[in-house]
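Undergrad: Fold the following.
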Amino acid sequence: MHQALIKYTVMRLAIFVVVLIVLDLFMDPSVVWIALGAGISLALSYLLLSRPREQLTEAIVERTEKRLNAKHEGLARSDAEIEDEADEAARARGEQS
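TA: Numbering: from 1, shown residues only. Predicted coordinates for the structure are as follows:
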């Protein structure tokens, strides 16, 4: 996931910088210049970066599913197993004292 996130972020920043360079040719730098650059780069990113955005989304979904599956596997343990582990831990503490 980290690779997809970094790739997408770098491409978005590159689009923003290119837009600012192009705007610099036509406008004097100001707050309006930066806001206009952000708006234009947002629109361009939405149009041009759909595939990397989808890859990032898939990576996030995959990571989330893995975490949820691991959590559900942990919850699926029976009460008896949990009690056995607690008893063993208590015995181990008792033997060490």
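
Undergrad: Packing partners of the helix or strand where Ala43 lies?
TA: When elements are defined using DSSP states H and E, Ala43 is found to belong to helix 31-48. Here helix 31-48 touches helix 2-26, going by 3 or more Cβ pairs under 8 Å, 6 or more residues apart in numbering; DSSP states H and E. (Each C-beta comes from the backbone N, C-alpha and C, glycine too.)

Undergrad: Only the buried residues of the helix it packs on, if you could.
TA: Ala4, Tyr8, Arg12, Ile15, Phe16, Val19, Leu20, Leu23 (16 or more other Cβ atoms under 10 Å).

Undergrad: Return the residues in contact with Glu88.
TA: Neighbour list for Glu88: empty [criterion: Cβ atoms under 8 Å, 6 or more residues apart in numbering].

Undergrad: Helix, strand, or coil at it?
TA: Of the three states, Glu88 takes helix under DSSP: H, G, I helix; E, B strand; the rest coil.

Undergrad: Pro29: what secondary structure?
TA: coil.

Undergrad: distance of it from Arg63?
TA: 40 Å (Cβ to Cβ, to the nearest Å).

Undergrad: what's the answer for Ile6, then?
TA: In terms of Cβ to Cβ, Ile6 sits 15 Å off from Arg63.

Undergrad: what about Gly65, helix or strand, and which?
TA: Check again: residue 65 is Glu, not Gly. helix 50-75.
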